[in-house]
Structure formats: C-alpha cells, structure tokens
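A.B. asks: coordinates for the following, if possible.
(2 chains)
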There are 2 protein chains.
Amino acid sequence: MTADLQLFMEESKKELEASLYRYIDALQTPESLKKSMIYSLQAGGKRIRPVLLLAVLKGFEQPIEKGIEVACAIEMIHTYSLIHDDLPAMDDDDTRRGKPTNHKVFGEATAILAGDALLTYSFQLVSSISEEPERVVSLINELSRAAGAPGMVGGQVSDMEGENKDLTIEELEYIHDHKTGDLMIVSLVAGAILAGASEHDLSNLRHFGRELGLLFQIKDDILDIEGDADIIGKPVGSDASNNKGTYPSILGMVGAKEKLTHHLEAALSSLKKVDMDHSVLEELTKYVAFRNH
Amino acid sequence: MTADLQLFMEESKKELEASLYRYIDALQTPESLKKSMIYSLQAGGKRIRPVLLLAVLKGFEQPIEKGIEVACAIEMIHTYSLIHDDLPAMDDDDTRRGKPTNHKVFGEATAILAGDALLTYSFQLVSSISEEPERVVSLINELSRAAGAPGMVGGQVSDMEGENKDLTIEELEYIHDHKTGDLMIVSLVAGAILAGASEHDLSNLRHFGRELGLLFQIKDDILDIEGDADIIGKPVGSDASNNKGTYPSILGMVGAKEKLTHHLEAALSSLKKVDMDHSVLEELTKYVAFRNH
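C.D. replies: Residues are numbered from 1 along each chain as shown, chains lettered A, B, ... in the order given. From the prediction side, this is the model:
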C-alpha cells in the first residue's frame, strides 16, 4: 500500500469510528441495545465501503466531512448483515475477527434486534443530513435497493441456496454481485450523488464498482488457498472444507488468476472514464488485487 | 362497528392487499424469498396501521390512493416485526392467526432474511413515491425513528427485559408506547404529511395516536381475561400464564377499565382539535375501545 493511500485510509477510519460511536451514543433506547450495536460496529475491519465513499468525495474535490453520515449508514448496514449472517440459524459462527460474535455475547434475541436497529438507523441517519431533499431521496432509494431483496439480502438467499451445490461461474457471480458487490457499488454511487456528479460519471462508477467487487472476491478466494494463515487471520482452506463454490474451485487457480487480471484491467479502465482525480481509488484497486490479507 | 366504518375498512384492506402482493411480485430476487415475504404479508389481521393512514387522508379530503405505497410500507414494517418476534430466539411461536409462523414454513434463516427484506423494502417504496422530496424525506425520517431503536425495536428490547418482572405502570406504558404505539402514531403522521397538514394538526394527531395506542393495548389486556376464546381466536388467560405484566395485573380489572375510559376520552378530545373530518377516526377509536376481539 502506498503511503498516500495508507494515510487516507487511516484518516477516514478514525473520522468514521468516532462518528459511529457518537451516533449510537445519541440514541434514546435501552442501554443493552446500544451496547450490542456498538460492540459489532467497533469490531474493526477494513472499513472498505466508507473508504470508497470518502475516496469518491475526495476525487471530486469535496470535503470528506460531507460524507460521514452516509458512510456511517453504509457501515451500519454492512455490520447488521454480519450480525445476522453469524446467527446460529445462518452461518452459526462463534467468532469474527478474533472476537466472539454478537449473539455469543448478547444472546440471539438481542443480536437479531441490534441488526434490525442498525439497518433502521441507517435510514434515519441519511434522512437527517443537510442536503438537497432530491439528493437525500435518491441516496435512500439507492441504499435500500442495494441492501434489500434486489441486492444484498437476495444475494445472501442465493448464497444459502447454492451451498453444497456445483455452481456455474454465472451463479457464483450472481451471488457475489448481490451479496457483496451491490453495497460496494452503492458506496461509490453515494459519494458521487453527494458530490453532485453527472449521470455519465455515476454510470462509470457503477461499472468500476462491479469490477472492484468481483476483484475483491476473487482475491479473497485465492488468499483462502494461497494465503498465510497468520497474515489473513483465519485458517486457509476453509472454503474447500465448507464445500463453498469459489473461483479457484470452478476455474482452477490459473483460471482464477486470469479472471483477477481481467477484472483489475476492467476496473481501472472504467475508473479512468470518470471525470475526477482517480489517484486514491486507483491505488485502492491495486491494493485490493495485490494485498496479502 | 358502524356500516360506514366497516365499508371504509373493507375498501382500504382490499386496496392494500392487492398492492402488497403487486409490490412483492415486482421484486427481482430469488423466488423463495418472495414466497416467504408474501406468506406473512397475506396472513391477514386488522390492518389497523394502514387503515389509520388512509383514514387521515380521507379526513383531509384526499384520495386514499395517495397513501397506498406508504400504507404498504408501514404494513411491511409491522409484518417484519412479527416475523422476527416469532423466531425461536424471541417468542418462539409456532402459529400466528391460526397459521404456522414464517420460520415454521420457510426455516429460520429465510424468515430472518424475509424480515430484513421487508424492512428494507419499506424504505425503497417510500423513497419511490411521486411527492415533493421534502415530504418524502420527512416521511422516511418519521418512519425510521418509529420503527428503530428509539421506537419499536427499543420497545421490544424493554419488553424482553421486563419479562417475569413486576412492572410499574410507567414501565408498562414505556413498553407499549414504543413497541406498538410509535408505529400507530407514525401511521397517522404519515397520512397527515401526505395531506400537507399543519404542524398544529400533526401535533394533535400525535397525541391522539398515543392515546389510541394505549387504548388498544388496555383493551387487548382486558380481552385476554374477559374475552370469548372463540371470538378473539386465542385462549384467554395467556398473559397471566406467560407471567406478562398487563393493565389488569397491575391495576386490577376495575382500574384497567377506568384507564380505558380515561384514554378513550383523551383520544377523542385530541382528535377533535385536528382541523379535519373526524368521523372515520372517531368511529375507529370507539371500535377499538368496545370491540369484543
């Protein structure tokens, strides 16, 4: 990672995490619910979605403060999805990023409700920003599509239905496009809406986001086989032992790496068509493709 | 119930149910998710929240068609809350209104996701209506507060925390205000926003809604003891056997009935201050107080 990108990511993360805490703290609601919401928001992670949003604002020469509420809203949606995914009825995970999962600490009922509350709060936050109402409506429309049945929730259902089945590459891409891709795309789109970008730029950022999402996923699949368990923070080979369809399992490792190169080039090519300073997003794209964790 | 009210409720219900089905059918998402969403939306019930919204529109001499999307959105939020409440980790209910609960038919994972999808879709629907953007933003802000941590979700957490405890009347009212009251209030407020009502009318409708919500709950508690099991559709005495704090358990039956009369009068008095035709809402309020199921 270049020093510029690292600095930008660290600054964004710091600003975001302070705001997340402040927004939850301001809620008038039972303390146990707040604690459960904050617990999962503070569990860390790359904060890739907020960083994408703020990087678009920076690229359009806008102050990143303009995007903090919406970036927090998107991180809340991402976090709610992780809390619900980890539940016993879903992936039944006891730990995430080395910490006990939400339901292990607060119980299943509170974990379900904390997820529900984070999702709902994300719309409250976006509906409270000081922006032209047309933009706010457009942000909420994009966010709800990306997060809901046509997007992330639909992708999660397809993923569940695809377990222990031989997936085609098209089925695998459908799952990734919706389960993880749509929320990454909407992060870019939200930054562009806040910056008042043109339809042309919005459209190219959508293409860029789709390629970046697939790139991200292929790299994850490759790291699950070739990565260093100590660096990636989880055992390698877990996809194979869970019978999960992956790029390497469908295309072989050589095929998966060819796909990676293809999507990297396509992502950078779409990004170049956007009328903005691309430097941070370009570095971020290369980092996603070449990272070792 | 008067013939006028009955006709209004039947017309509203018919319009609402056709629209609910149409909106879910239009979703691009896996069929299994759609089926699970539609199953719970079609489980029936009084549709009291949509009826409140449409009755406000009618009171302000607006066509009820103007409120169908938002009425559907509120019914989706209500339905998602029932699906999640019924889960094994929450109330663990196998049946609702005589039909197997969502998770009993579709499994827990799909039930959780169907709830998530309904909640998210409600914001997509509201953000898609043809109205002044200021009004849309205001609707979404009101809805998200009423449904989220400061409202319904917070009330649900308090309700869980109050189980098997001796509640004061204040604690019981806090639970009802948020668990069920806030969504009833926002139904009235949403109708008023769509009708372009004044701040003064909005404020009186809020007061009316709070009294109506408490009235509704006290009557439910009384029916659970004095009702006819065949008419109310569930065994009487279930609150007592679940160790649930209720108005009669805290105030005695005489005290509970005094409260009922008090909130009925307060509701009708607030309603009269709203500059609209009150007839449908007045009849509905009396129906809530005097119903036998």
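A.B. asks: pull the number of nearby residues for A:A109.
C.D. replies: Look at A:A109: counted by other CB atoms under 10 Å in any protein chain shown, it has 20 neighbours. (Glycine included, C-beta is placed from N, CA and C.)
A.B. asks: pLDDT at it, what is it?
C.D. replies: At A:A109, the predicted lDDT confidence score is 98.
A.B. asks: who touches it in this structure?
C.D. replies: Counting by CB atoms under 8 Å, 6 or more residues apart in numbering or on different chains, A:A109 touches B:89-90, B:160.
A.B. asks: ditto for A:L53
C.D. replies: A:67, A:70-71, A:74, A:187-188, A:190-191, A:194.
A.B. asks: out of those, who's nearest A:A149?
C.D. replies: A:I74 (17.9 Å; CB to CB).
A.B. asks: nearest residue to the closest one other than its sequence neighbours?
C.D. replies: In space, and not counting its chain neighbours, A:I74 is closest to A:R49: 4.9 Å by CB to CB, 6 or more residues apart in numbering or on different chains.
A.B. asks: which residues touch the one you found?
C.D. replies: Per CB under 8 Å, 6+ apart, neighbours of A:R49: A:71, A:74-75, A:78, A:183-184, A:187.
A.B. asks: next one: A:K219
C.D. replies: A:K219 touches A:260, A:288-289, A:291, counting by CB under 8 Å, 6+ apart.
A.B. asks: now A:S40: how far from A:F290?
C.D. replies: A:S40 sits 29 Å away from A:F290, taking CB to CB, to the nearest Å as the criterion.
A.B. asks: ok, these two, which is more surrounded?
C.D. replies: Remark: of A:S40 and A:F290, A:S40 carries more neighbours, 23 against 11, as counted by other CB under 10 Å.
A.B. asks: contacts for the helix or strand harbouring that one?
C.D. replies: Per DSSP states H and E: A:S40 is located in helix A:31-41. With CB under 8 Å, 6+ apart as the test, helix A:31-41 has contacts from A:20-21, A:24-25, A:27, A:75-76, A:79, A:82-83, A:102, A:105-106, A:110-111, A:113-114, A:117-118, A:121, B:149, B:153-154, B:157, B:161.
A.B. asks: go ahead and confirm A:R96 touches A:I83.
C.D. replies: No: look at A:R96 against A:I83 with CB atoms under 8 Å: they stay out of range, at 9.1 Å.
A.B. asks: so which of the contacts of A:L53 sit within helices?
C.D. replies: Residues of those located in helices (DSSP state H): A:70-71, A:74, A:187-188, A:190-191, A:194.
A.B. asks: closest to A:D4 out of these?
C.D. replies: The shortest approach to A:D4 among these belongs to A:G191, at 18.0 Å (CB to CB).
A.B. asks: tally of neighbours for the closest residue to that closest one other than its chain neighbours?
C.D. replies: Counting by CB to CB, 6+ apart, A:G191 lies nearest to A:V56, which is 2.9 Å off, once chain neighbours are set aside. Burial of A:V56 is recorded as 30 neighbouring residues (other CB under 10 Å).
A.B. asks: and A:V56, which of the three is it?
C.D. replies: helix (DSSP: H, G, I helix; E, B strand; the rest coil).
A.B. asks: who touches the lowest-mean-pLDDT helix or strand in chain A?
C.D. replies: Lowest on mean pLDDT, DSSP states H and E among the helices and strands of chain A sits helix A:229-232, with a mean of 72. Here helix A:229-232 makes contact (CB under 8 Å, 6+ apart) with A:223-224, A:235-236, A:292-293.
A.B. asks: by neighbours, which of those wins?
C.D. replies: Result: A:D224 is most packed of those (other CB under 10 Å), 21 neighbours.
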